[in-house]
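>>> Okay, sequence plus prediction incoming.
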Number of protein chains: 4
Amino acid sequence: MTTAPDQQPVPTAPGDAPVINVGVLGARGRMGTEVVKAVNDAEDLELVAMVDEGDWLFGLADAGTQVVVDFTRPDVVMDNIRFCIDNNIHCVVGTTGFDEDRLSTIAEWLAPKPDVGVIIAPNFGIGALLLMRFAQDAARFFPSVEVVELHHPNKVDAPSGTAVRTARLIAAARREADMPPAPDATTDALPGARGADVEGVPVHAVRLAGLVAHQEVLMGAAGETLTLRHDSYDRASFMPGVLLAVREIGRRPGLTVGIEGLLGL
Amino acid sequence: MTTAPDQQPVPTAPGDAPVINVGVLGARGRMGTEVVKAVNDAEDLELVAMVDEGDWLFGLADAGTQVVVDFTRPDVVMDNIRFCIDNNIHCVVGTTGFDEDRLSTIAEWLAPKPDVGVIIAPNFGIGALLLMRFAQDAARFFPSVEVVELHHPNKVDAPSGTAVRTARLIAAARREADMPPAPDATTDALPGARGADVEGVPVHAVRLAGLVAHQEVLMGAAGETLTLRHDSYDRASFMPGVLLAVREIGRRPGLTVGIEGLLGL
Amino acid sequence: MTTAPDQQPVPTAPGDAPVINVGVLGARGRMGTEVVKAVNDAEDLELVAMVDEGDWLFGLADAGTQVVVDFTRPDVVMDNIRFCIDNNIHCVVGTTGFDEDRLSTIAEWLAPKPDVGVIIAPNFGIGALLLMRFAQDAARFFPSVEVVELHHPNKVDAPSGTAVRTARLIAAARREADMPPAPDATTDALPGARGADVEGVPVHAVRLAGLVAHQEVLMGAAGETLTLRHDSYDRASFMPGVLLAVREIGRRPGLTVGIEGLLGL
Amino acid sequence: MTTAPDQQPVPTAPGDAPVINVGVLGARGRMGTEVVKAVNDAEDLELVAMVDEGDWLFGLADAGTQVVVDFTRPDVVMDNIRFCIDNNIHCVVGTTGFDEDRLSTIAEWLAPKPDVGVIIAPNFGIGALLLMRFAQDAARFFPSVEVVELHHPNKVDAPSGTAVRTARLIAAARREADMPPAPDATTDALPGARGADVEGVPVHAVRLAGLVAHQEVLMGAAGETLTLRHDSYDRASFMPGVLLAVREIGRRPGLTVGIEGLLGL
């Protein structure tokens, strides 16, 4: 792919199956390494550039990169995105640290480039996103709901960010359906026994050697329970979400936050 | 409610909250008894008629019944439905034994009655229906999928009808997404170890004293698994689905098979 | 044993298989009803007396009762036990409310009756007792351990008494093995997220419509976890423990607290 | 430690806490690498020799090795063991391929060396061994029992060797307790639905991308179930068993097969 950036065509849909040229920013990091491997393993993707600290960004453009995947650091990611937009390269970003200000800035940069897409996603784990989606959909049918998350004991926050976010989404779905608080006759409890209260949804955090990252949503109604559980063992689990974003971004110009919308649910 | 059937208004949406007059057919049966209890406990429903073997159906009409719930037997259910349609009474039917012929007959009966609804549902368990729905939605994201169902040891069929149906829905979703068979390197297996093959989805049936009715769908991708589990302990668990159908049928004239469409997913 | 019911022989071991004559005290209560049914269903046991409020205790002796099962109330149980001991009837007691004082009193009553046995058990659920036993045995092999109990939402105490007792037994086993506290890097927690602290063992209590009584002990070490789970759906689950006590008491004169020792572990 | 092998004292109990000198055979293999790391991390163990293909065994003796851990290959392990016994070095062996013949040979070699111990263990996973032990202990209290094992899809055998062994141990415990077959009313089954029959115990094998190695024993009685589950994520999970054997072997001269006996249950 050697056309000048200006004439660079937007990558087309998988159905047409031309290969997409992918560049990886932060290619030697933990996530970047996984991305490099995943792109190499995908027949419809071509790894054309690996860039890390100390490398020139120009290499991305020179290599004819159509989509960049960025797992770098909050202090450099904005420069990376700016460069990509200027060079008509789509950008799939897993780096953290985005607030409203940063998102507005990116939207401004994108305004004069109607064909370029930027996807900023805090979580590329499709399983985790499906669990959240299903939990929201099911919420209004079950008077009771609690969240149990289980992680390795080196985790510093409890509950996990994902569990808190899941609980909030469930709470919002319950409010929207005008549901009363979950039934709970507890009058005599040891402190902490009933978990953390996240907008009315109890969240329990288990920390156990041997575990990785696990989350369970338990929903109950008279005579039945529905349990949704996600087990994440390995950061390889984020790759399908990253590749989905790489394949879809050509059809999604502008700024997209989160990959939920790409799941076609 | 004493207006002639012809002028009988269709029950309105719960938001408007007029009470719906409900009659129960098969009121002394196992399911009927639960329905009677559930209707009595619901503020927006009024139990106006309980009919069982030996009772006159006319009582239903005389009592101003707007919606009938029928848990009777295959040999009488068609007569019941006919009576209801003739009398402009909506009909929520949990009785089994419907084939294409029966469904066409009902559709014919309904043709001249554009305001009357009949809902025939093989399964009123909302939890089980949600599980099937979610399993279908998630199927295309996970290369591997298996179903494990667990029941009390008095069950005669294995796997359960629900598990077979779930596996078929998953298989269809996988076909639609052009997915290859799930990876499986097994070359050395004891007969039965890998379960029953339902359109390519392995289904395992556990029979255990103490259990009631449980189903698990396990989905796996690199580095992560998603598990959907439904536990049914009691036929009380079917009542929310029955009541949902009772409340919604006024807005759904004609023939509806299954209550999936009523869940608003 | 040759005192009167002077000629009443001590029940012999199941191997010898003479039938044991059983009387039920509190026969019309919730547990008593189950006991009556269970004794009736057991080929090696003969139900000879059913006694409840307002009935004479003498009927027990007259009927040749060898073993009484008492599920009555704290305010009458001591009189019942006294009567049984005086009449050389073994006593299996599931009634609650025993403290050290009451136990000493019973021991005094038993002193002159070396052939009579009294078993006082707070929990006849063999599954729950096995779980506690296994949790204790496994405790010293796993640096991490937490307890999750899950119950119906009408329960007033959290965690359940069984969960607290389980946690204490685990904590004692850990102390005995000189284990350090479980690893836990949590520095940033919402209140309650990490559960209740029972002697260093986190215990989480879930309350969910649809559930009955469930308990899970999770143990973790580098690269592996061991999970012990007990699900109790029905008070029928206590009957095997009651019948075990009935069959064994003839070989266990004196006072026995708990049926753990009868499990032969 | 430089005394001649003849005077080499047997390593003493952990209570006394002298450091034990450990040599690793097969030190560059997958398991050997883990053992090296685990020994290095243990304060009471000193790694004095790492030997792999092409290295001299004499290095073990020269380094004052008290205990050797052998994860090599069936074709060299017998020579290794012979060397260790001749040099008064205890031997903890995880290499596979031992039959009765090999075990007798080792016993003969050990006869003139009453202070030397050899432990041959097919499985050093303490969690898996505890699960087997508990399953056996619980077996006679539950009319129903089934085994579900779940593994990554690259596994060639189904069910796993561990699951088959677990089922056999359970079956033996049931026979010893004169238990009838588990209740099962199934008359209408798809082939394979009810799993593989291992001496009367149904065993189900699930193969799922994302999984590692997992096993569940489900036991049921009227109104209750007991579930024992072991999840193994990493071969690090075998190290506590290996280290236990290293620490205990000084007190266990002669040939020991399996480390179950070292668990002190």
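On my side now, so go ahead. Numbering: from 1, shown residues only, chains lettered A, B, ... in the order given.
>>> Could you list the contact residues of chain A toward chain D?
By C-beta under 8 Å from any C-beta of the partner chain, the residues of chain A that approach chain D are A:210, A:212, A:231, A:233, A:237. C-beta: built from backbone N, CA, C; applies to glycine.
>>> among those residues, which are within reach of chain B?
Near chain B, judged by C-beta under 8 Å from any C-beta, the entries from the residues of chain A next to chain D are A:231, A:233, A:237.
>>> most surrounded residue in those residues?
A:Ser237 (26 neighbours; other C-beta atoms under 10 Å in any protein chain shown).
>>> Pull up the gap between it and chain C, please.
According to C-beta to the nearest C-beta, to the nearest Å, A:Ser237 and chain C sit 18 Å apart.
>>> isn't that residue right up against B:Ala221?
Yes - A:Ser237 sits in contact with B:Ala221 when judged by C-beta atoms under 8 Å, with a separation of 6.7 Å.
>>> if I look at these two, which residues touch both of them?
Common contacts of A:Ser237 and B:Ala221 (C-beta atoms under 8 Å, 6 or more residues apart in numbering or on different chains): A:127, D:210.
>>> Can you find the helix or strand in chain A with the smallest mean pLDDT?
In chain A, no helix or strand scores lower on mean pLDDT, DSSP states H and E than helix A:58-62, which sits at a mean of 91.
>>> What helix or strand is A:Arg168 located in?
A:Arg168 belongs to helix A:161-176 when assigned by DSSP states H and E.
>>> ok so, going back, need the residues that contact the least confident helix or strand of chain A.
A:5, A:23, A:25, A:49, A:51, A:68, A:83-84, A:87, A:89.
>>> now with 7 Å?
A:5, A:23, A:49, A:51, A:68, A:87, A:89 (C-beta atoms under 7 Å, 6 or more residues apart in numbering or on different chains).
>>> Of those, just the buried ones, ChimeraX syntax please.
The ChimeraX command for the buried members of the contacts of helix A:58-62 (criterion: 16 or more other C-beta atoms under 10 Å in any protein chain shown) is given here:
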select /A:23,49,51,68,87,89
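>>> Just flag the most distant two among the contacts of helix A:58-62.
Maximum pairwise distance among the contacts of helix A:58-62 (C-beta to C-beta): 16.1 Å, between A:Pro5 and A:Val51.
>>> between the contacts of helix A:58-62, which is nearest C:Asp178?
Lowest distance from C:Asp178 to the contacts of helix A:58-62 (C-beta to C-beta) belongs to A:Val51, with 52.2 Å.
>>> Find the nearest non-adjacent residue to the closest one, please.
Distances taken as C-beta to C-beta, 6 or more residues apart in numbering or on different chains put A:Leu25 closest to A:Val51, at 5.1 Å, once the chain neighbours are dropped.
>>> Can you give me the pLDDT of the one you found?
Reported pLDDT at A:Leu25 in the predicted model: 96.
>>> hang on, isn't it packed against A:Asp70?
Yes - applying C-beta atoms under 7 Å as the test, A:Leu25 and A:Asp70 come out as touching, 4.3 Å apart.
>>> how about the helices of the stretch 101-250 of chain A, start to end?
Applying DSSP state H, counting those that start in this stretch to the stretch 101-250 of chain A gives helices spanning A:126-139, A:161-176, A:239-248.
>>> May I see these organised as TSV, with mean neighbour count added?
Shown next, in TSV, are the helices of the stretch 101-250 of chain A (neighbours: other C-beta atoms under 10 Å in any protein chain shown):
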stretch	mean neighbour count
helix A:126-139	23
helix A:161-176	19
helix A:239-248	23
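>>> Which of those helices sits closest to chain B?
Closest to chain B of these, according to C-beta to the nearest C-beta: helix A:126-139, at 4.5 Å.
>>> Take that closest one, keep the C-alpha atoms, and write them as PDB.
Extracted in PDB, the C-alpha atoms of helix A:126-139 (Å, rounded to 0.1, in the frame of the first residue of the first chain):
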ATOM      1  CA  ILE A 126     -16.000  -9.300  24.700                       C
ATOM      2  CA  GLY A 127     -17.000 -11.700  27.400                       C
ATOM      3  CA  ALA A 128     -17.100  -9.000  30.000                       C
ATOM      4  CA  LEU A 129     -19.100  -6.700  27.800                       C
ATOM      5  CA  LEU A 130     -21.600  -9.400  27.000                       C
ATOM      6  CA  LEU A 131     -22.000 -10.100  30.600                       C
ATOM      7  CA  MET A 132     -22.800  -6.500  31.300                       C
ATOM      8  CA  ARG A 133     -25.200  -6.300  28.400                       C
ATOM      9  CA  PHE A 134     -27.000  -9.500  29.500                       C
ATOM     10  CA  ALA A 135     -27.100  -8.300  33.100                       C
ATOM     11  CA  GLN A 136     -28.800  -5.100  32.100                       C
ATOM     12  CA  ASP A 137     -31.300  -6.900  29.800                       C
ATOM     13  CA  ALA A 138     -32.200  -9.400  32.500                       C
ATOM     14  CA  ALA A 139     -32.300  -6.900  35.400                       C
END
